[in-house]
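[1] Have a look; sequence and predicted model below, questions after that.
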Amino acid sequence: MAAVPGTPEFAYKVPKRRHPVLQFVLTQPLGTAGLLIIVLMFIGGGFAPWVAPYDPLTVDYASMLAAPSWEHWLGTDAFGRDVLSRIIYGARTALMVGFISSIIGCTLGAVIGVVSAYFGGRIDMLIQRLMDILLSFPIIVLALVVVTVLGKWKVAGLDMNLVVAIAIPMVPKVARVVRSSALAIREMPYIDAARAAGFSHSRIIFRHIIPNVVAPYLIMLTAFVAQAILLEASLSFLGLGVTEPTAAWGLMLSGSSQEFYREAPWMIIFPGLAISLAVFAFNLFGDSLRDWLDPKLKI
Amino acid sequence: MLRYTIHRLLLMIPTLAGVAVLVFVLLRMMPGDIVELRLLAEGGNVDPATIAAERARLGLDQSMWRQFVDWMAGIATGDLGVSMWTGRPVVEEIASRLELSMQVAIMATILATVLAIPLGTLAALYQNTWIDQVIRVFAIAGLAVPSFWLGMIFILVLLLNFNWIPPLTYTPIYEDPWRNLSQLVWPALAVGYRYSAVATRMTRSTVLEVLREDYIRTARAKGVWERLVVSRHAMRNAMLPVVTVIGLEFAFLIGGLVVTEQVFNLNGLGKLFVETVTRGDYTMVQALVMLIAGFFIFINFAVDLLYAVLDPRIRYR
């Protein structure tokens, strides 16, 4: 723009607008490290047949309990299955269960929270009491009951009973946080305007309130993926989650492998490292996402 | 205060009643009841008459309403019934396990408190220095490492170095304190690490928040010794949320030791819970859930009351 005589000169520099992703990478190095691990997990899990050196299910009695070597980087298990390949395929299970259950749990929780805040009064009271009841169970206890009540229930090879059991304990927690965000939004003038314009309740909820609680929703979603991966591993370890021969980290640690402390410690060390790394990555990313989107949010 | 306490105590009743209804209904939705699980597991053909007789003996032939009313009446008179699987009174089955789980939970809580409060405060006082970074990595790793796996690693290391394997039987602390502690210290450490990580993070963030308050600046400005500023002005005010976290995690541990108990071969509440749920032992599961949920609700309540003690500004009405 050519200088027009008489226009004031701005002493400050207008900050350069960066692409939000680039901005996240620059301001949140730890979160980016987490994101990188998550992306690697996705690549490993998604392209498992090409990435993994062996088939995770092939039983090879010739190389039972082989120590880590050039042939089997992380050794083999009691059935001669390659531990590295099972960990890579396990990433697929962990991500699928983690994401699907978190999406179900957080979405249901968010809808309940918004409905509760929007209608207020008796409905709010009733919903909150129900959520209190669900909150008075330790997560694993609730998940254990639900997983056994549902019994075996597979959809497209995925244990749906496990997914639902992991999702349900999330619902009350998300509902609480989202409710408090939605309570503030409910008082905004644009909600009054929407009401005055005669919009239906569902339109106001879905078009005017829900888009405004996306930040806490996303933050909780990433945090809960980490929890879901841990819970899946715990339930599979107990023999109530993913079942053999599917490759899952918790399952790799359970049952028979306990007897191999002395002979095959790699069967215990590596799957646990995989769980820890995955949960670590999602926690880092979730923390940074919170700092970036809504630093005051407490979950 | 007294009115508030009574009010809160009364409010626990509907929540507990809700828990009771929920667990009762959920259990009866389970595929296959205990009679089928037990008799059919013993092999092939069982006479339908035997199944019916067994159901009648356990009261499972009654209507749902009847069963629920009976159960509630039992609770009201302090009778929790007998385990459908072992036939022993529920109270006896639970009591022997509660002691063990309680001890591990208390040990883990002590460990977490002793670690978390100094570490979290240090991290906050030296924010963004290497001390802070080290403590933050310690804490965030604690959230990521599954406690049951950490337990397995402990066993692995102890086994390879000292040839130690988890004992099969539990020795109560009053019989042989040394044996008892050497058995339970490892599970307590395994769950305590995660627990202290949660509490450390909470301590760090609340101390940071409090240090930015005006009264801290005032105290420093009038020349109060820095140690006193931290211990008197900052710590006291930062402790409320930390107490909440510690209390809730403790309540969680009573029922949440499930997997760790499995790893260490401990016969605690968690292990009992897994066993009874998979067996469909209604009376046991119901009693356990009521106990665990009741404890959880009670700790919540106790934490709220503790607030008033710790912070004289809070007065409940």
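    Now that the structure is in, tell me what you want to look at.
[2] which bits of the stretch 51-200 of chain A sit near chain B?
    Within reach of chain B by Cβ under 8 Å from any Cβ of the partner chain, the stretch 51-200 of chain A has these residues: A:129-130, A:132-134, A:136-141, A:144-146, A:148-149, A:151. Glycine gets a C-beta too; all of them are placed from N, C-alpha and C.
[3] which among the residues you listed end up buried?
    Burial by neighbour count, 16 or more other Cβ atoms under 10 Å in any protein chain shown: within these this picks out A:130, A:132-134, A:136-141, A:144-146, A:148-149.
[4] element containing the residue nearest to A:L134 when sequence neighbours are not counted, please.
    The shortest distance from A:L134 to any non-neighbouring residue, by Cβ to Cβ, 6 or more residues apart in numbering or on different chains, is to A:P172 (4.3 Å). Using DSSP states H and E, A:P172 falls within helix A:170-186.
[5] Touching the helix or strand that that helix is followed by from outside, list them.
    Next helix or strand after helix A:170-186 toward the C-terminus (DSSP H and E): helix A:189-196. Residues from elsewhere that reach helix A:189-196 (Cβ atoms under 8 Å, 6 or more residues apart in numbering or on different chains): A:I185, A:R203, A:I204, A:R207, A:H208, A:I209.
[6] so how far is stretch A:189-203 off the chain centroid?
    33 Å (Cα atoms, centre = their mean, to the nearest Å).
[7] swap that for stretch A:41-50, please
    Distance, stretch centre to chain centre, for stretch A:41-50: 18 Å (Cα atoms, centre = their mean).
[8] And it, what's buried?
    Those would be A:M41, A:G44, A:G45, A:A48, for stretch A:41-50 by 16+ other Cβ under 10 Å.
[9] which residues are in contact with that stretch?
    A:V51, A:P56, A:I88, A:Y89, A:A91, A:R92, A:A94, A:L95, A:M96, A:A278, A:A281.
[10] how about a cut-off of 10 Å?
    Applying Cβ atoms under 10 Å, 6 or more residues apart in numbering or on different chains, the set of residues contacting stretch A:41-50 from outside is A:51-52, A:55-56, A:85, A:87-96, A:98-99, A:229, A:247, A:274, A:277-278, A:281-282.
[11] From these, list just the buried residues.
    A:52, A:56, A:85, A:87-96, A:98-99, A:229, A:247, A:274, A:277-278, A:281-282.
[12] List the ones among the residues you listed that fall in helices.
    Counted as lying in helices by DSSP state H, out of the buried ones among the contacts of stretch A:41-50, are A:85, A:87-96, A:98-99, A:229, A:274, A:277-278, A:281-282.
[13] ok, back up a step: and the buried ones among the residues of the stretch 51-200 of chain A next to chain B, which two are furthest apart?
    Using Cβ to Cβ, the two most remote members of these are A:D132 and A:T148, lying 23.5 Å apart.
[14] For chain B, what's its nearest residue on the stretch 51-200 of chain A.
    Of all residues in the stretch 51-200 of chain A, A:I133 sits closest to chain B, at 3.8 Å by Cβ to the nearest Cβ.
[15] That residue reaches B:P14, doesn't it?
    Yes: A:I133 lies in contact with B:P14 (Cβ atoms under 10 Å); the separation is 8.8 Å.
[16] which stretch of helix or strand covers the residue sitting nearest the centre point of chain A?
    The centroid of chain A falls nearest to A:V225 when counting by Cα atoms, centre = their mean (1.4 Å). Assessed by DSSP H and E, A:V225 sits inside helix A:214-237.
[17] Select the helix or strand of the chain having the lowest average pLDDT value.
    Chain wasn't specified; assuming chain A. Least confident helix or strand of chain A, by mean pLDDT, DSSP states H and E, is strand A:154-155 with a mean of 76.
[18] um, chain B though
    For chain B, counting by mean pLDDT, DSSP H and E, helix B:34-41 ranks last in confidence among helices and strands (a mean of 71).
[19] Give the buried residues for stretch A:169-186.
    By neighbour count on 16+ other Cβ under 10 Å, the buried set for stretch A:169-186 is A:169-179, A:181-183, A:185-186.
[20] That should have said stretch A:187-197, apologies.
    A:I191, A:A194.
[21] hmm, back to that, show me what the least confident helix or strand of chain B is in contact with.
    By Cβ under 10 Å, 6+ apart, helix B:34-41 touches B:30-32, B:46-47, B:50-58, B:60-61, B:83-85, B:276, B:278-284.
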